[in-house]
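Student: here is a sequence together with a model predicted from it:
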Amino acid sequence: MEAFVEVDPTGRFGRYSDLLGYGAVKKVYRAFDQEEGIEVAWNQVRLRNFSDDPVLINRLHSEVELLRTLNNNYIIVCYSVWKDGGRGGTINFITEVCTSGNLRDYRKKHRHVSIKALKKWSKQVLEGLEYLHTHDPCIIHRDLNCSNIFVNGNIGQVKIGDLGLAAIVGRSHAAHSILGTPEYMAPELYEEDYTEMVDIYSFGMCLLEMVTMEIPYSECDSIAKIYKKVTMGIKPQSLNKVTDPEVKAFIEKCIAQPRARPSATDLLNDPFFFELSNEEESTPVN
């Protein structure tokens, strides 16, 4: 029998020692929900990374608490959140596990995927973004990329994860502070004056990666060079590798200037998805 390394305060969740993944401030371990009898992910954010900023610690905690209230098929479920210790402690949160890992690795593993399948994944990501952007208050992900979109490969379902750094935007719709992955960051994110449209830009870059299997701006060998190209409006070279004109035009809509970018709702109604809508309508329901 495999022993737990740690158990949550309620005794419901047990953490194993093996890592599922890690980021700059977060580690994700395999864990088990003893009440439901399912495997889950135990996420840990070490607060000593933010120990000189109690405001940020409180914000992080409240943002993760907000995740628990979200309910959408295309957003990773958060089951529980708690804080250990004081300033140097940890914020722990339990989330669902997707069977096939993240979309970047999944796409590399399955190199021959139809445009129709890519459209299905894209539509699900947009459904998740529409839910976040129309939530009250509006939620901006700010760091959407193919490594934090997760896949249940057996049913072809994708879910947006890593919302712990999302910005909760008030009525003013102005959010500040830079957090993100440079290759996916909209130009206005660097200006620190932006709206939920930054997620549409990142989504466009995700679709570009899904199609080309290349991380955007891989021709650049430094963050400074990526920043320069993005702020000058120079598109990534991989866009030239998109041979399907319909797909290329759809990506270009997403990465247009902020005011010209369609909302998630607009994109879901785009002719790009018409064949999927017609298919759904003609599928008999048992």
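Tutor: Perfect, I can see it now.

Student: avg pLDDT for stretch 6-25?
Tutor: What stretch 6-25 shows for mean pLDDT is 90.

Student: that stretch: which residues count as buried?
Tutor: Buried positions in stretch 6-25, judged by neighbour count with 16 or more other Cβ atoms under 10 Å: 8, 12-16, 20-21, 25. In short, each C-beta sits where N, CA and C put it, glycine included.

Student: farthest-apart pair in these, please.
Tutor: Put simply, by Cβ to Cβ the two of these set farthest apart are Arg12 and Val25, 25.0 Å from each other.

Student: neighbours around the residue nearest to Glu39 when sequence neighbours are not counted, how many?
Tutor: Leaving aside its chain neighbours, Glu39 sits nearest to Val97 (5.4 Å; criterion: Cβ to Cβ, 6 or more residues apart in numbering). The tally of other residues near Val97 (other Cβ atoms under 10 Å) stands at 19.

Student: next: the one 3 residues further on.
Tutor: Taking other Cβ under 10 Å as the criterion, the count of residues near Ser100 is 18.

Student: next, give phi and psi for the residue nearest to it when sequence neighbours are not counted.
Tutor: Nearest non-adjacent residue to Ser100, counting by Cβ to Cβ, 6+ apart: Gly153, 3.5 Å away. Main-chain dihedrals, Gly153, degrees, to the nearest 10: phi -60, psi -30.

Student: Tyr106 is in contact with Gly153, correct?
Tutor: Yes: between Gly153 and Tyr106 there is a contact under Cβ atoms under 8 Å: 6.5 Å.

Student: and for the residue nearest to Ser100, the neighbour number?
Tutor: Counted with other Cβ under 10 Å, Gly153 comes out at 14.

Student: repeat for Lys159
Tutor: Count around Lys159 with other Cβ under 10 Å applied: 22.

Student: residues in contact with the helix or strand containing it?
Tutor: Using DSSP states H and E, Lys159 sits within strand 157-160. Here strand 157-160 makes contact (Cβ atoms under 8 Å, 6 or more residues apart in numbering) with 73-76, 96, 98, 103, 121, 124-125, 128-129, 132, 141, 144, 148-152.

Student: can you show me the CA trace of that strand as PDB?
Tutor: Once non-C-alpha atoms are left out, strand 157-160 reads as follows in PDB (Å, rounded to 0.1, in the frame of the first residue of the first chain):
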ATOM      1  CA  GLN A 157     -12.200  17.100 -23.800                       C
ATOM      2  CA  VAL A 158     -10.000  20.000 -22.900                       C
ATOM      3  CA  LYS A 159     -10.000  22.200 -19.800                       C
ATOM      4  CA  ILE A 160      -8.400  25.400 -18.800                       C
END
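
Student: average pLDDT for that strand?
Tutor: pLDDT averaged over strand 157-160 gives 96.

Student: ranges for the strands of the stretch 101-250 of the chain?
Tutor: Listed in chain order, the strands of the stretch 101-250 of the chain (DSSP state E, counting those that start in this stretch) span 138-140, 149-152, 157-160, 167-169.

Student: out of those, flag the one nearest Ile57.
Tutor: Across the strands of the stretch 101-250 of the chain, closest to Ile57 is strand 167-169 (Cβ to Cβ), at 15.5 Å.

Student: hmm, Tyr190 and Val230 touching each other?
Tutor: Yes: counting by Cβ under 8 Å, Val230 sits close enough to Tyr190 to count as a contact (7.2 Å).

Student: higher neighbour count, these two?
Tutor: The neighbour comparison of Val230 against Tyr190 (other Cβ under 10 Å) goes to Val230, with 25 against 15.

Student: closest one to Phe272 among the strands of the stretch 101-250 of the chain?
Tutor: That would be, of these and by Cβ to Cβ, strand 157-160, which comes in at 16.7 Å.

Student: show me this structure divided up by domain.
Tutor: 6-96, 103-280 (automatic domain parsing).

Student: pick out the shakiest of those, pLDDT-wise.
Tutor: Looking at those, the bottom one is domain 6-96 with a mean of 86.

Student: how long is that one from one end to the other?
Tutor: Using Cα to Cα, to the nearest Å, the end-to-end distance of domain 6-96 comes to 18 Å.
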